[in-house]
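>>> I need the structure of the sequence given here:
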Amino acid sequence: MNPPDPQALLHWYDRHRRVLPWRAPPGRLADPYAVWLSEIMLQQTTVPAVKSYFEKFLILWPRVEDLAAAPVDDVMKAWAGLGYYSRARNLHACAQLVAGDHGGRFPDTEAGLVALPGIGPYTAAAIASIAFERRAVAVDGNVERVVSRLFAIATPMPKAKPLIKAAAERLWPQQRPGDFAQALMDLGSSLCSPRRPACSLCPFHGACAASQAGQAELYPVKAPKAERPSRAGAAFFLERTDGAVLVRTRPPKGLLGGMTEIPGSPWSADFDPAQALDHAPAPGKWARLPGVVEHVFTHFALRLTVFRAAARAGVNTPEGYRWALKDDLDGEALPSVMRKIVAHVRAQGEK
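Residues are numbered from 1 along each chain as shown. Alright, predicted model coming up:
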């Protein structure tokens, strides 16, 4: 079996490359700002989910200097729904550093990039290769799948990661390293899919050890999944007669840091709904709504019991809280789990 030929993949890429809003057309230099913004957004998120956010950010803040000058609350609001909200805070901090200390120009090396907030080794390699044509080996999930199949790397994940990185290092060409990075990503997102890969159409077909053995779907080898723990809690939807809803901003650090939330109880494995009203933000005639709101985070699954109450227009605002007008609530920096709570309440009101 012949070794994989990087040129075969580049020829395939020249014919089949995806058209993406952050990707430079053939023969054009990539915009480092666009590459950086897209790579931060794409961390643990899919291309279809990111496209509209990327385009919105470029409309609001077309240059890194514009993003740096924006209030962080506006950035968080624009990010709401993408998840992993520490990325949004780091995005803003990175923009300020690039605009203030680097004259609006991103460093063009992996070492310079990884020193910036929110940029890890993979993101630094991706930006360095795609935006600056450095021979930087960028290995994301798609690349892991392609490389593990090419070389039939049987070590289970995540222990296989350094082996895959070493194999990719041997494969990466000196010429067109940025296109090669994007070609591997495109191959992994299309032909070399997790299930039923189209091996016969792959430019690496004759050189892929897993494909030749008829075992492509076995790679990358997964370690047994640990059961995701469960937590529960309560959410309290307090609405004034003028439609304003009581909300608060979460602390800047930690889960959903800096985002807007519907008030609630702590989330714990042994939460008792019978004691939920002990955590209500204000006295009131709290009614427990039917059903629960379910949401899955990376490290745990959450079930929330939702309570609703009405407050008169002139009621005092509890300390640490604020009122979001009904027309402004959708524009708040509500993460997905909080939007589910609002949708749950509204659905009950329509019944």
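>>> how about the nearest residue to residue 152, chain neighbours excluded?
Spatially, and ignoring its direct neighbours in sequence, residue 152 is nearest to residue 209 (3.8 Å; C-beta to C-beta, 6 or more residues apart in numbering). From N, CA and C alone the C-beta is placed, and that goes for glycine too.
>>> no wait, residue 154
Spatial nearest neighbour of residue 154, excluding adjacent residues (C-beta to C-beta, 6+ apart): residue 221 at 5.8 Å.
>>> returning to what we had before: so the residue nearest to residue 152 sits against residue 147, correct?
No: applying C-beta atoms under 8 Å as the test, residue 209 and residue 147 come out as separate, 10.9 Å apart.
>>> so for these two, which sits in the more crowded spot?
residue 147 (29 against 17; other C-beta atoms under 10 Å).
>>> would you agree the more buried one is in contact with residue 167?
Yes: contact criterion C-beta under 8 Å: residue 147 and residue 167 qualify, at 5.2 Å.
>>> overlap in contacts of the two?
Contact with both residue 147 and residue 167 is made by residues residue 153, according to C-beta atoms under 8 Å, 6 or more residues apart in numbering.
>>> what's the neighbour count on residue 1?
Residue 1 is flanked by 8 other residues according to other C-beta under 10 Å.
>>> for stretch 30-40, C-alpha coordinates in CSV please.
What follows is stretch 30-40, C-alpha atoms only, in CSV (Å, rounded to 0.1, in the frame of the first residue of the first chain):
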residue,chain,number,x,y,z
ALA,A,30,-7.2,34.9,4.2
ASP,A,31,-8.2,37.7,6.6
PRO,A,32,-6.6,36.8,10.0
TYR,A,33,-9.5,38.5,11.8
ALA,A,34,-12.1,36.3,10.0
VAL,A,35,-10.0,33.2,10.5
TRP,A,36,-9.6,33.8,14.2
LEU,A,37,-13.3,34.7,14.7
SER,A,38,-14.5,31.6,12.9
GLU,A,39,-12.1,29.3,14.7
ILE,A,40,-13.1,30.6,18.1
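>>> so what's residue 349 scoring on pLDDT?
Here the pLDDT value assigned to residue 349 is 68.
>>> same question but for residue 333, I mixed them up
On the pLDDT scale, residue 333 gets 85.
>>> mind listing what it touches?
By C-beta under 8 Å, 6+ apart, the contact list for residue 333 reads 73, 76, 77, 79, 80, 258, 259, 260.
>>> residue 236 bridge partners, please.
Residue 236 forms beta bridges with residue 307, as assigned by DSSP bridges.
>>> is it correct that it is in contact with residue 305?
No: using C-beta under 8 Å, residue 236 makes no contact with residue 305, being 10.0 Å away.
>>> give me the more crowded residue out of those two.
A count of neighbours by other C-beta under 10 Å puts residue 236 above the other of residue 236 and residue 305, at 23 against 19.
>>> how about low-confidence regions in this structure?
349-351 (pLDDT under 70).
>>> that one: helices as residue ranges?
Per DSSP state H, the chain carries helices over the ranges 6-16, 32-42, 47-60, 64-69, 72-79, 86-101, 110-114, 121-132, 141-150, 161-171, 177-189, 209-212, 336-350.
>>> okay, those in a markdown table with distance to residue 319 next?
Listed next are those as a markdown table, based on distance: least, C-beta to C-beta, whole Å:
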| stretch | distance to residue 319 |
| --- | --- |
| helix 6-16 | 58 |
| helix 32-42 | 35 |
| helix 47-60 | 33 |
| helix 64-69 | 32 |
| helix 72-79 | 20 |
| helix 86-101 | 25 |
| helix 110-114 | 41 |
| helix 121-132 | 40 |
| helix 141-150 | 44 |
| helix 161-171 | 47 |
| helix 177-189 | 49 |
| helix 209-212 | 60 |
| helix 336-350 | 20 |
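>>> surely residue 126 is in contact with residue 38?
No: Residue 126 is beyond contact range of residue 38, at 9.2 Å (criterion: C-beta under 8 Å).
>>> return the residues in contact with the residue nearest to residue 152.
1, 149, 150, 151, 152.
>>> now do residue 327
Counting by C-beta under 8 Å, 6+ apart, residue 327 touches residue 243.
>>> okay, now the nearest residue in space to residue 246 that is not next to it in sequence: neighbour count?
Nearest residue to residue 246, sequence neighbours excluded (C-beta to C-beta, 6+ apart): residue 238, at 4.1 Å. Using other C-beta under 10 Å, residue 238 has 24 other residues around it.
>>> now residue 43
Residues near residue 43, counting by other C-beta under 10 Å, number 16.
>>> cool, residue 5 as well?
15.
>>> quick check: it touching residue 205?
No: using C-beta under 8 Å, residue 5 makes no contact with residue 205, being 11.4 Å away.
>>> how is the protein partitioned into domains?
6-218, 230-350 (automatic domain parsing).
>>> identify, out of the ones you listed, the most deeply packed stretch.
For the domains of the chain, the largest average neighbour count (mean count of other C-beta atoms under 10 Å) is found in domain 6-218, namely a mean of 18.
>>> distance between the ends of that domain?
The straight-line separation of the ends of domain 6-218 (C-alpha to C-alpha, to the nearest Å) is 23 Å.
>>> and stretch 327-337, by the same measure?
19 Å.
>>> repeat for stretch 188-197
Stretch 188-197 stretches 9 Å from its first residue to its last (C-alpha to C-alpha).
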